[in-house]
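[1] Sequence and predicted structure, then a few things I'm wondering about:
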Amino acid sequence: MKTLKNFGILGIGTYVPEKIMTNSDLEKIVDTSDAWIQKMTGIKERRIAAENEATSDLAYNAAVKALESSNTKAEEIDLIVVATLTPDYFTPSVSAMLQKRLGAHHAAAFDLGAACSGFVYGLEAGGNFIATGMYKKVLVIGAEVFSRILDWEDRNTCVLFGDGAAAAVLGEVEEGYGLIGSHLGADGDLDDVLIIPAGGSRTPATHETIDNRSHYLKMKGQEVFKFAVKAMPGAVEKVLENTGIGIDELELIVPHQANMRIISSAAKKLGFPAEKFVLNLDRYGNTSAASVGLALGEALEKGMIKKGDNIALVGFGAGLTYASCVMKWAY
Ligand SMILES: CC(C)(COP(=O)(O)OP(=O)(O)OC[C@H]1O[C@@H](n2cnc3c(N)ncnc32)[C@H](O)[C@@H]1OP(=O)(O)O)[C@@H](O)C(=O)NCCC(=O)NCCS
């Protein structure tokens, strides 16, 4: 029987656009208040892509840093996986565009649609090509320009999200390190609670869909909230059960940065100290597929992670989807 190889993250890169939009800026656009947004979500500000920036630009900037930090040349990359729900185009994929721009001439490329769970889905999907021995180096990216699919007249959604990108280079790591286990799931019964109704093959864009604003993201916030407060701790519990790792053996949890109240509720349910959850949603809001990677990159930069630490990553998002994994940090 063939044995599977251990894979792990060899380096991370992150990128956020320069432009900051504060809650006070939002007060000038929709009927909202800094106090409401902070109390209900924990978000203070978010980044907004420049007019000439699209998802592949953010992804490229993050990818270059991930290649640098892992000492990897673009030509060594065998596969590029980009998790996004805001690609530059329906086709070509962001991953194929990056293959050209990075000069990763030998890489296969595909995009992955798991919304805010995309980074964790991507780690598992991309990493398994290393586990089986098919590829040696895989670049996984979560990148979004959410500001382009938000309805800036809808206060229910536009205050929550931001733009950003995070990239990880995956490769083989020494025995006992890297990804220990993961748990991926979906609840398609809730496919209508986060949806962009028009612009796809069911309801192609017409003058009417534009007038109805139905090519923007629509959300049933309370239903997402109810799902998230169960799915986030549930996915962590499940991956701990699968891997036989106790919660007290975790050094950090890196959660999807959707809402502070969802994270606090997960901390309580799991009985895991709130201060061991990596947080940056106050500065970036919900950056969807980029969010977990962005928080992980920041934790690394701040020296919060050292070799041998057990780290759990957990996300949830449209679909609805959820995903968690546990890694023993490899460097
Ligand atoms: C969005 C969210 C914070 C709203 O909180 P909520 O408790 O569900 O609030 P409601 O939508 O019931 O609205 C409560 C009140 O606040 C108002 N409100 C909604 N958005 C507002 C805003 N941006 N500013 C000010 N008031 C707002 C509502 O109109 C409502 O007013 P009313 O009581 O006069 O009718 C919450 O539902 C949430 O976080 N859901 C999960 C969203 C998420 O994470 N999505 C991404 C998943 S990856």
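    Here it is on my side, so go on. Residues are numbered from 1 along each chain as shown.
[2] Around the ligand, pick out the residues from the stretch 51-200 of the chain.
    116, 155, 156, 159, 160 (C-beta under 6 Å from any ligand atom). Where you see a C-beta, it was placed from the backbone N, CA and C, and this is true even at glycine.
[3] three-state assignment of the residue nearest to residue 105 when sequence neighbours are not counted?
    Nearest non-adjacent residue to residue 105, counting by C-beta to C-beta, 6 or more residues apart in numbering: residue 75, 6.2 Å away. Three-state assignment for residue 75 (DSSP: H, G, I helix; E, B strand; the rest coil): helix.
[4] wait, isn't residue 75 in contact with residue 102?
    No - using C-beta atoms under 8 Å, residue 75 is not in contact with residue 102; the gap is 9.2 Å.
[5] out of those two, which sits in the busier spot?
    residue 102 (20 against 12; other C-beta atoms under 10 Å).
[6] which stretches of this protein aren't confidently modelled?
    Along the chain, the parts satisfying pLDDT under 70 run over 1.
[7] and if we set it to 80?
    Within the chain, the ranges that satisfy pLDDT under 80 run 1-2.
[8] max-length helix in it?
    Using DSSP state H to define each element, the chain has its longest helix at helix 221-243.
[9] now for that helix, which elements pack on it?
    Applying 3 or more C-beta pairs under 8 Å, 6 or more residues apart in numbering; DSSP states H and E, we find helix 221-243 packed against strand 178-186, helix 260-270, strand 310-317, strand 321-328.
[10] can you tell me how far the residue of the chain found nearest the ligand sits from residue 147?
    Nearest residue of the chain to the ligand, counting by C-beta to the nearest ligand atom: residue 221, 2.9 Å away. Distance, residue 221 to residue 147, by C-beta to C-beta, to the nearest Å: 19 Å.
[11] which of those two has more neighbours?
    residue 147 (20 against 14).
[12] For that one, which non-adjacent residue is closest in space?
    residue 48 (4.9 Å).
[13] Spatially central residue in the chain, please.
    When the chain is reduced to its mean C-alpha position, the nearest residue by C-alpha atoms, centre = their mean turns out to be residue 289, at 2.7 Å.
[14] Touching, that one and residue 83? I think so.
    Yes - Residue 289 lies in contact with residue 83 (C-beta under 8 Å); the separation is 4.1 Å.
[15] what residues are shared contacts of those two?
    Common neighbours of residue 289 and residue 83, using C-beta atoms under 8 Å, 6 or more residues apart in numbering, are 114, 118, 119, 122, 142, 143.
[16] With secondary structure and neighbour count as added columns, please give these in JSON lines.
    As requested, the shared contacts of residue 289 and residue 83 are exported to JSON lines (DSSP: H, G, I helix; E, B strand; the rest coil; neighbours: other C-beta atoms under 10 Å):
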{"residue": "114", "secondary structure": "coil", "neighbour count": "27"}
{"residue": "118", "secondary structure": "helix", "neighbour count": "35"}
{"residue": "119", "secondary structure": "helix", "neighbour count": "34"}
{"residue": "122", "secondary structure": "helix", "neighbour count": "29"}
{"residue": "142", "secondary structure": "strand", "neighbour count": "36"}
{"residue": "143", "secondary structure": "strand", "neighbour count": "36"}
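[17] Mind checking the helices and strands packed on helix 221-243 for the one nearest to residue 294?
    Each of the helices and strands packed on helix 221-243 has some distance to residue 294 by C-beta to C-beta; the shortest is strand 310-317, at 11.6 Å.
[18] Work out the gap between the strand or helix carrying residue 209 and the centre of the chain.
    Using DSSP states H and E, residue 209 sits in helix 207-211. Relative to its chain's centre, helix 207-211 lies at 30 Å (C-alpha atoms, centre = their mean, to the nearest Å).
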